[in-house]
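Novice: Sequence and predicted model, in that order:
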Amino acid sequence: MRIRSFCRSAPFAALTLAVMVALPPAIAQNDTAHPAATPGSIPGPEQHGPSSTGSEQPHGNAGRASSAPGNEQSGAADAGAQRPSGSLPTPKPIPLVPTHAVWNTFHGQLNAQKYSPLTQITADNVRSLVKVWEYHTGDVSDGSGKLPTSVWSATPIFANDTLYIGTPFYRVIALDPGTGKVKWTFDSKSTLKALTQPALKNRGVAYWEAANPVAGQPCQKIVYLGTMDAQLFAMDADTGKLCRDFANGGVLNVDQWNDVNNKYPLSLLQPPTVAGNHVILGWAGKDWAYAEAPPGTVFSLDPQTGKRQWSFATLPPKIASRTGTANVWTGMSVDEGLGLVYLPVSSPSPNYWGGNRTEPIPLATSTTALNLETGEVVWSRQWVHHDIWDYDINSAPTLMDITVDGKQIPALMQATKMGFLFVVDRRTGKDVWPIEERKVPGGDGSIQGEIYAPTQPFPIRPAPLLDQSKKPPIWWVADALGLGQCSRLWKSLNYAGMYSPPTHKDSGVLAYPDSAGGVQWGGVAFDPRGKTAIVNFSHVVQSIKLYPRKEYEQRAAGSGNEQGFYPQEGAPYGMSLDNALNWLGMPCWKPPFGEIAAIDMTTGDIKWRRPIGASQKWGFYMPESMGSVTIGGPAVTAGGVIFIGASMDAKVRAYALADGKELWSDIVQAPAVANPAVYEYKGREYVAFIAGGNTILKDQVGDQVAVYALP
C-alpha cells in the first residue's frame, strides 16, 4: 500500500493552520517501498454488448501453471491469455455465502463480501454500542527510535472460538473473543527492518483446519504468519507451538523460489488465502526502483507440510528476466463451489515506462481465475493494457449472486484504482453489463522505446466513481491561499483524460487518479440479502514526470513520504511523482477527498453516496462534508449496518445501509486502517477494530484492538 502525505508544515497563524492542517494525504495501494533517489452489467453475458476478453492476444507462455518437482500436481498446461485455457472444474455443492456467521479470513469470508448475517446489532440500536474490551499489543513504533515506523492493518480473525491477530513486529496473539484475555502468544523473532517497505507492516494471519481432525494430533488447526523477510510460520491454533511437520520445523523459506532478478525478498505482508487443502501465497516487494525485478508468481502449499502443490507465473517466460512483478500483493477471493481462486494481478516493472516490455503481457493488471486444484487459468480479464500508470489491481474481487433483468447470475465485482467497478460472470469472465474498449490518449513519440495501447476497457455500469474525463475542479480556498498557484499548476500539466501517458515535457502530466485514489485494498463489501455493494474511495490528484537518465541523475534530490524522485534503475528514465498541492501543502482539487457509496446490483445504479470521515491533523477537524482520504474497507451486516474505520480522524463509525446516514462513532487510539471484523461469541455480537494507524496518513500510530458490543 502506498500513501502520500499532503500535509507539509508551514509557519502560519492559527486560522490558516486550521484550514490547511486537516487536509488529507493522497493514497495508493501497492505493498511496495520506493527507495530514495539518493541515500538517506448482468443478464447473461451473451446478451449484452461486447464481452471481449481484451485486446491483447496470447504471446509465448504467459500465465504458466507448473508443479514443483516431486509435488502432487504435474503437467499443468500453459495458460491461454485473456481467454479460457483450462476447463471449469466440476461444481461442488458449497454455497457462496456461508450458512452461518463466519469471519475467518482477511475479508471475512472467501467470497470477500465482508458480510455478517448477524442481526443483534441493528440500525435502530447501534447508537448504544459500547467498547466492552480492548487490548494493547505493545508492538508499535513511531519511527523515532531504532525501529522503523509500524503500519498495522490486520483484520482480526475469528476462528476456533478465538480472536487471532498478527502484529507489525511479526508476533501472533490469540485472545478470548469475549474478554480479550490472552490465550497464547507466538514470536517469530523476525528481523525488524524495513527490507522492502518504508515501515514494519502486517495485515494479519490466516487460519486452516482439517476437514477430519485426527484426535490427539497437533496442528489439526493451524495459524499462518508471514514476515517481510519471506518466512511463513505455521503454528498450532490451540497452543501457538510451531507445527514441526510443516516445512523446516514449522517455518517455510519462501525466498528459496526467488530465483529470477532476486533484488529483494518476497515479502509476505498479506496473509495467505486458505481454501480447502490449499494455502495460497502472493508476495509484495518494491516499486519504482528497478526495471528488472522478481517476476510475479503465486504459490499453492499443502497446509500441513508446506510442500509446494503448484506455482503460477503471470509473466511470459521469454520476457520475465527483463521486466518483473505483475505479482499478487493483496488479498484473493475463492468460489469453493466452482473450484476457482481469483487473483488481482498488479502491473509489471518498471511502473512508469514500458519500453522493456512492449510484447503483450495479457495477465498483468488483470483479474485472473485459476483452477484451485491445478493452478491452470480458466479465464482472465485485463483491466489496463500495457500499464504505465502503476494501476495495480489492488483488492480481492467481491463475489456475488445477483439478478439482472430477471436472470440469476454468478457475478464478480472488481474494484480498481481508476475508480471503475468491473462486473463479470465469475464462471467465464464475460461481461455482465457491457465493458467497452475506448480510444485513449497516445504519446507524442518523445519517450524512448515506449508504445501505447490504443484502447482501454471502460465499464458502462456501475458508472465510474470518479469523473476522470477532465481535470478535477480547483479548490478555490487552496488557490486563493496559494496566490493562484493551483491555477498555474493546472494550466502547466498536460491532461487529455485518464490514461494520459507520462512524459518528460513541460511540467509532466496530471494524473487523476494515478496510483493514488480510487478504491484501495479494503475492497467492496456486499449485502447478499438486499443485493447492495458498498465501497469507499478517495479523490487524489498527482503529477508524473519522466527524466532521461542523465538529467535524472543531475536533478534527483531524494524522495519524501512516497513522493519525489525514484530511479527506475535499468530504464532510460527516472521519474518523479508529486501531489498536486499549493505551497502551503493544501490539495489543489476540490473536496470531498473521500466518499462511501452503495450500489444497487440489480440495476447497477448508485443508491446513495456521501463523504466519509473527517480530515484531521494537529487537533483540528475539518467539516465532514469535505470527507477524508481512507485506508481500509467496510463490513456490512444483516442488521442493516455498515462498519468502517479508515478515516484520518481516528474514528470508527457505523452507517445505515439503507441511506448512508451516520449512526454511531467512537474515537480510537489511531486511524483504524484495517477492515473490521464482525463475529458472534456465546450468543453476543461483537465488532472488532484494529487501531494501528499509518504515519503517512497521519502522525499517529497505535497498538489497540478495540471491541464493541451492545450493553
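Specialist: Received, thanks.

Novice: burial measure for the residue nearest to Arg653 when sequence neighbours are not counted, as a count.
Specialist: Of all residues not flanking Arg653 in the chain, Ser665 sits nearest, at 4.6 Å (C-beta to C-beta, 6 or more residues apart in numbering). (Each C-beta comes from the backbone N, C-alpha and C, glycine too.) Residues lying near Ser665 (other C-beta atoms under 10 Å) number 18.

Novice: Report the contact partners of Ser665.
Specialist: By C-beta atoms under 8 Å, 6 or more residues apart in numbering, the contact set of Ser665 is Lys651, Val652, Arg653, Ala654.

Novice: Please, which helix or strand holds it?
Specialist: Assigned by DSSP states H and E, Ser665 belongs to strand 662-667.

Novice: same check, this time on Lys318
Specialist: helix 317-320.

Novice: Would you mind writing the CA trace of that helix as PDB?
Specialist: Once non-C-alpha atoms are left out, helix 317-320 reads as follows in PDB (Å, rounded to 0.1, in the frame of the first residue of the first chain):
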ATOM      1  CA  PRO A 317       8.900 -16.700 -19.600                       C
ATOM      2  CA  LYS A 318      10.700 -15.200 -22.500                       C
ATOM      3  CA  ILE A 319      10.500 -11.700 -21.100                       C
ATOM      4  CA  ALA A 320      10.300 -12.400 -17.300                       C
END
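
Novice: Which strands or helices does that helix pack on?
Specialist: Taking 3 or more C-beta pairs under 8 Å, 6 or more residues apart in numbering; DSSP states H and E as contact, there are no helices or strands that helix 317-320 lies on.

Novice: 50 is where my numbering starts, stick with that
Specialist: I'll keep to 50 as the first residue from here, and by that count the last item is helix 366-369.

Novice: Which SSE is immediately downstream of that helix?
Specialist: Counting by DSSP H and E, what follows helix 366-369 is strand 382-384.

Novice: Show me how far that following strand is from its chain's centre.
Specialist: Between the centre of strand 382-384 and the centre of its chain there are 16 Å (C-alpha atoms, centre = their mean, to the nearest Å).

Novice: Stretch 356-373 - what's its average pLDDT?
Specialist: Stretch 356-373 carries an average pLDDT of 96.

Novice: Just the buried residues of that stretch, please?
Specialist: 356-365, 368-369, 372-373 (16 or more other C-beta atoms under 10 Å).

Novice: distance between the ends of it?
Specialist: 25 Å (C-alpha to C-alpha, to the nearest Å).

Novice: Farthest from the middle of this structure: give me that residue.
Specialist: In terms of distance from the mean C-alpha position of the chain, Gly265 ranks first, at 39.1 Å (C-alpha atoms, centre = their mean).

Novice: Does it belong to a helix, a strand or coil?
Specialist: coil (DSSP: H, G, I helix; E, B strand; the rest coil).

Novice: I'd guessed Ala646 sits against Ala574; true?
Specialist: No. Contact criterion C-beta atoms under 8 Å: Ala646 and Ala574 do not qualify, at 11.3 Å.

Novice: okay, those two: which has more neighbours?
Specialist: Taking other C-beta under 10 Å, Ala646 and Ala574 do not tie; Ala574 has more neighbours (28 against 19).

Novice: and the more buried one, what does it touch?
Specialist: Gln162, Lys163, Tyr164, Thr447, Ala582, Ile583, Val584, Gly682, Pro683, Ala684, Val685, Ile691.

Novice: Please report which of the residues you listed has the highest neighbour count.
Specialist: Counting neighbours by other C-beta under 10 Å, Lys163 comes out on top of the contacts of Ala574 with 33 neighbours.

Novice: Might you report the residue contacts of that residue?
Specialist: Lys163 neighbours (C-beta under 8 Å, 6+ apart): His156, Gly157, Thr447, Gly572, Ala574, Phe575, Gly682, Pro683, Ala684, Val685, Asn724.

Novice: repeat for Ile661
Specialist: Per C-beta under 8 Å, 6+ apart, neighbours of Ile661: Asn585, Gly643, Glu644, Ile645, Gly676, Ser677, Thr679, Ile693, Ala695, Ser696, Arg702.

Novice: if I've got this straight, the third one is in a strand?
Specialist: So the one you mean is Glu644. Yes. With three-state DSSP as the criterion, Glu644 is part of a strand.

Novice: looking at it, it is touching Arg658, isn't it?
Specialist: Yes. At 5.4 Å, Glu644 and Arg658 qualify as touching, with contact defined as C-beta under 8 Å.

Novice: and Asp210, how many neighbours?
Specialist: Quick note: Asp210 (other C-beta under 10 Å) scores 12 neighbours.

Novice: go on, Asp555?
Specialist: Applying other C-beta under 10 Å, we find 10 other residues in the vicinity of Asp555.

Novice: So Glu729: helix, strand or coil?
Specialist: Secondary structure, three-state DSSP: Glu729 is strand.

Novice: picking up where we left off before, from the buried residues of stretch 356-373, pick the one nearest Ile509.
Specialist: Thr363 (27.6 Å; C-beta to C-beta).

Novice: Find the nearest non-adjacent residue to Gly388, please.
Specialist: That would be Pro138: by C-beta to C-beta, 6+ apart, it lies 3.3 Å from Gly388.

Novice: distance of the one you found from Asn311?
Specialist: Distance from Pro138 to Asn311, counting by C-beta to C-beta, to the nearest Å: 34 Å.

Novice: Check Met697 too.
Specialist: According to C-beta to C-beta, Met697 stands 37 Å off from Asn311.

Novice: what residue is smack in the middle of the protein?
Specialist: Trp570 (2.1 Å).

Novice: and that one, which of the three is it?
Specialist: Classification of Trp570 using three-state DSSP returns coil.

Novice: now swap in Ala460 and tell me
Specialist: strand.

Novice: my guess is it meets Thr452, correct?
Specialist: No. Under the criterion of C-beta under 8 Å, Ala460 makes no contact with Thr452, lying 9.9 Å away.

Novice: So which of those two has more stuff around it?
Specialist: Counted by other C-beta under 10 Å, Ala460 and Thr452 do not tie: Ala460 has more neighbours, with 24 against 14.

Novice: What does the pLDDT read for the more buried one?
Specialist: pLDDT, Ala460: 98.

Novice: wait, what's in contact with it?
Specialist: Counting by C-beta under 8 Å, 6+ apart, Ala460 has contacts Ile91, Leu448, Met449, Asp450, Ile451, Val472, Val473, Asp474, Arg475, Val481, Met650.

Novice: go with 6 Å
Specialist: The neighbourhood of Ala460, defined by C-beta atoms under 6 Å, 6 or more residues apart in numbering, consists of Ile91, Met449, Ile451, Val472, Val481.

Novice: wait, the last one sits on Phe471?
Specialist: No. The pair Val481 and Phe471 does not pass the contact test of C-beta atoms under 6 Å, sitting 9.0 Å apart.

Novice: Can you pick out the residue with more neighbours from those two?
Specialist: Val481 (30 against 25).

Novice: Could you check which of Pro138 and Asn311 is surrounded by more residues?
Specialist: Per other C-beta under 10 Å, whichever of Pro138 and Asn311 has more neighbours is Pro138, with 17 against 12.

Novice: Next one: that one relative to Val427, how far apart?
Specialist: In terms of C-beta to C-beta, Pro138 sits 8 Å off from Val427.
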